[in-house]
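K.L.:
Model the following, please.
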Amino acid sequence: MSKNGENVAPVVGMMLSRMAKRGPDGAGMATDDSIIKTESVQMLAAADIKGSSVLGHARLAIVGGSIGSQPFASCDGKLVMEHNGEIYNYKQLKRRLEKHHRFSTETDSEVVVHLLEDAYSQGGDFVEAIKKTVGKLDGIYALAMKDSVTGTMALVRDPIGVRPIYWGENGRFVAFASERKGLWAAGISEPTRRVLPGHALIITSAGKISQVRVAPAPAIRRRPALRTMQAAVDAYGKAIAGSMRKRTQDVKKIGIIFSGGIDSVLVAYLASKMVPEVICYTAGVEGSSDLDHARAIADKLGLELYAKELSEGQVEKLVPKIIDVIEDTNAGQVEVALPVYCAVQLASEQGIRIMLTGQGADELFGGYSWYPQVARREGYDKLRRYMLDDLTLLYKETLEREDKVAMAHSVEMREPFLDRDVIKCSMDIDLRLNVRKDDKFGKRVHRKLSQELGIPKDIAFRVKAAAQHGSGVHSLIDAIARKNGFDEEAVTDGYLQSLELKEKMGSSQRYGYMFEKEQKMWIAEPHVQMYLDSLVKG
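P.N.:
Down below sits the predicted model:
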């Protein structure tokens, strides 16, 4: 949105071009008075389009086939919208809406603009209409909505923040994008900002900006309803099966990020009962424990698995690429992203467009190794608050990274454990059923369900190393840093002071190390972080 009336369509074209991998199947722009759709970002950027307030979209076709490029307009032409994500109850919503709305596509996204139109027509302001609209959505979303009459724009994010949306401004305009690099392409420098989960960023035509909550955040239940193991397992089994059905409906072929841990094993096992073709993918340093366990477990369960073995030379070449993709030099983020990037790359090369991941299970069901010690030393009420913090911070500690890694290969990542019904179920379970004070396993309801579904006990109750360690990436990046002259002696006092000012990312860095000294291994050594930072300074 221009601050001085200038034509921003060329700027939007540059932004989309910088993120073209996110949408190789079509592109569109909504200007002040028209919507233009083309077959590609390149064709859109070459078109003669003008407008001082423009929405741009690049489409990855998952639902609705080849016809479904965005943005969409309401029937009365007053509202324009674009959507990144998946709406899992769109068929039910559409059946009610199509009686009095015209649909031009079979996509899930188009449902949202007609929901908003209905809510807005009932009176009230734009924000109230947005609250009513998102209250009916079961799914994940980053939305850009515009009231063409008033010129007000809204950026909206789902309650967990599965899909990213960033915004920023300079002297010329206010802009938003699914990745920071889109804003950088527009000449907007850091700091850029996020739309927070469950919030809407409202931008008026006069340039006033405010952020308001439009969807409730997950909440702790004062009195857990599920107090026995069998009741918890039965409820959880129903919730996760429903979540998986939503995320696999109409899918014929799907990939799984597979590490051999129970989270990815359960997702793969359930998917194999619902999807005709399920393929698992993993990556790690040659000889790493994750590779060995993933192969053995996939073989035992009859799952098809492809693995990519990484050498030191490959990892060294990949690190700068990973930093560019995830837009972050944080060592923990880089180390976890690298094997996932390679697994997704392998899947993409084999034609996979949708992948499932096990993210969220640890935060919901108590999987981190320091959780029992929190319960022992500070009690279950404090543990539950820590776990809720871990869940509500996933958006910036895990989900944004995973989204960018997947979209770098034009693949959509889906997260079954972060379904709204699974989250509600986890909050209904007495935490003592999942985490025992003398526990080394955690996630006991999660593991018990896996057993009841037919996963052998030795797999269901296997304790898995953290991704960066199990994959062998952590130690290898340390060796690469040293090879490039970054060791303990290279770290200056000034650099150590700058590290203290950096945000702590991840449960282990925020508080896990206080309860379990072994968790210090999860915190990157300063010389490693210094090496990673050096890759973007030069």
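K.L.:
what's A460 in contact with, if anything?
P.N.:
Counting by C-beta atoms under 8 Å, 6 or more residues apart in numbering, A460 touches 262, 265, 447-448, 450-451. Using the backbone N, CA and C atoms, a C-beta is placed for each residue, glycine as well.
K.L.:
Compute the distance between the closest residue to it other than its chain neighbours and C280, please.
P.N.:
Counting by C-beta to C-beta, 6 or more residues apart in numbering, A460 lies nearest to S450, which is 4.2 Å off, once chain neighbours are set aside. S450 sits 16 Å away from C280, going by C-beta to C-beta, to the nearest Å.
K.L.:
What is the most widely separated pair among the contacts of A460?
P.N.:
Using C-beta to C-beta, the contacts of A460 span at most 14.0 Å, a distance reached by V265 and K448.
K.L.:
Looking at those two, which has the bigger crowd around it?
P.N.:
Remark: of V265 and K448, V265 carries more neighbours, 29 against 21, as counted by other C-beta atoms under 10 Å.
K.L.:
Point out the other helices and strands that the host helix or strand of that one packs with.
P.N.:
Assessed by DSSP states H and E, V265 sits inside helix 262-271. Helix 262-271 sits against helix 229-248, strand 253-257, strand 277-285, helix 289-301, strand 354-356, helix 361-365, helix 444-453, helix 457-460, with contacts defined as 3 or more C-beta pairs under 8 Å, 6 or more residues apart in numbering; DSSP states H and E.
K.L.:
May I ask you to confirm that S508 belongs to a helix?
P.N.:
Yes. The assignment for S508, made by DSSP: H, G, I helix; E, B strand; the rest coil, places it in a helix.
K.L.:
Isn't it up against W370?
P.N.:
Yes. Counting by C-beta atoms under 8 Å, S508 touches W370, with 7.5 Å between them.
K.L.:
which ones are touching the residue nearest to A460?
P.N.:
Listed by C-beta under 8 Å, 6+ apart, the contact set of S450 reads 262, 265-266, 269, 459-460.
K.L.:
Same question for G454.
P.N.:
For G454, the contact set (C-beta under 8 Å, 6+ apart) comprises Y269.
K.L.:
Distance check, it against S272.
P.N.:
The gap separating G454 from S272 is 11 Å, by C-beta to C-beta.
K.L.:
what's the answer for D292, then?
P.N.:
Plainly put, D292 is 22 Å away from S272 if you go by C-beta to C-beta.
K.L.:
in this protein, which ranges drop under the pLDDT threshold?
P.N.:
64-68, 517-523, 537-538 (pLDDT under 70).
K.L.:
The residue sitting nearest the centre point of it: what's its closest spatial neighbour, skipping adjacent residues?
P.N.:
By C-alpha atoms, centre = their mean, the mean C-alpha position of the chain lies nearest to L399, the distance being 2.9 Å. Nearest residue to L399, sequence neighbours excluded (C-beta to C-beta, 6+ apart): V162, at 5.3 Å.
K.L.:
can you check V134 too?
P.N.:
A215 (5.0 Å).
K.L.:
Tell me who's in contact with the one you found.
P.N.:
131, 134-135, 158-159, 198-199.
K.L.:
Repeat the analysis, applying 6 Å as the threshold.
P.N.:
Applying C-beta atoms under 6 Å, 6 or more residues apart in numbering to A215 gives the contacts 134, 159, 198.
K.L.:
Okay, the second one and D138: tell me how far apart.
P.N.:
By that I understand P159. P159 is 11 Å from D138, by C-beta to C-beta.
K.L.:
Done for today, thanks.
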